[in-house]
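**Q** This is a predicted model, with the sequence first.
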Amino acid sequence: RKEVEQDPGPFNVPEGATVAFNCTYSNSASQSFFWYRQDCRKEPKLLMSVYSSGNEDGRFTAQLNRASQYISLLIRDSKLSDSATYLCVVPSGGYNKLIFGAGTRLAVHP
Amino acid sequence: ETGVTQTPRHLVMGMTNKKSLKCEQHLGHNAMYWYKQSAKKPLELMFVYSLEERVENNSVPSRFSPECPNSSHLFLHLHTLQPEDSALYLCASSQDWRATNYGYTFGSGTRLTVV
């Protein structure tokens, strides 16, 4: 099993839609998790952190299910500017090493 | 200047050339990382530096040679690269290597093309 697995998409949704991405991880000892956003040919940027059961920030909600070892990201009322690749990120080992998933691509259309 | 700065933004080099990538962070972070991102692939961890000491070399070929002269600067020296080394090279820093609840701050990356 890969350390971090994501559905690559793409998810093509209209503006205003609600869309959810899932991510599974293999290291049951991981404590905190992250969602990053990466625009085309740009660096990844931190979107949200998830430490306990979940976290909400405006239109974005991240949830964590430790028993099933998956993390989800929910985006409500999608905007055109939400179009990007969303990376699921899991710590692995010491020195704050982070393992990145391959990403899920989202395309929001008018 | 704040954040993580990488130079150059773009680099084209021949297989016999020697070049260096530079990364500088002004955030007071104590850990720095090099990642490689090839087309259609996830980010791959290359090197980890904690307090200027290399703590991980993730099976990276010796044609890539990192250097961390102080906690604010990180270099990646390149020599005799192969075309398959063409990729986006990303530098990142984290606030505290002992804590896993901080994410990374990334630089803008160097897009490397080996010809």
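**A** In hand now; what should we look at?
**Q** alpha carbons only for contacts and neighbour counts from here, please
**A** OK.
**Q** tell me, how many neighbours does residue 3 end up with?
**A** Went with chain A since none was named. 15 (other Cα atoms under 10 Å in any protein chain shown).
**Q** My question was about chain B, not that one.
**A** For residue B:3, the neighbour count with other Cα under 10 Å is 14.
**Q** ranges for the strands of chain B?
**A** Here chain B has its strands, by DSSP state E, at B:4-7, B:10-13, B:18-25, B:31-37, B:44-50, B:53-57, B:64-70, B:73-79, B:87-94, B:105-106, B:110-114.
**Q** wait, chain A
**A** Per DSSP E, chain A carries strands over the ranges A:4-6, A:11-14, A:19-25, A:33-38, A:44-50, A:54-57, A:60-65, A:70-75, A:84-91, A:98-100, A:104-109.
**Q** quick one on the thing from earlier: how about the strands of chain B, which one is nearest residue A:99?
**A** Nearest to residue A:99, of all the strands of chain B, is strand B:44-50, at 7.6 Å by Cα to Cα.
**Q** Rounded mean pLDDT for the closest one, please.
**A** For strand B:44-50, the mean pLDDT works out to 91.
**Q** re the thing from before, ranking the strands of chain A by burial, who's on top?
**A** Among the strands of chain A, ranked by average contacts under mean count of other Cα atoms under 10 Å in any protein chain shown, first place goes to strand A:84-91 (a mean of 25).
**Q** relative orientation of it and strand A:104-109 in degrees?
**A** Between strand A:84-91 and strand A:104-109, the angle comes out at 150 degrees (axes from the mean of the first three to the mean of the last three Cα atoms, to 10 degrees).
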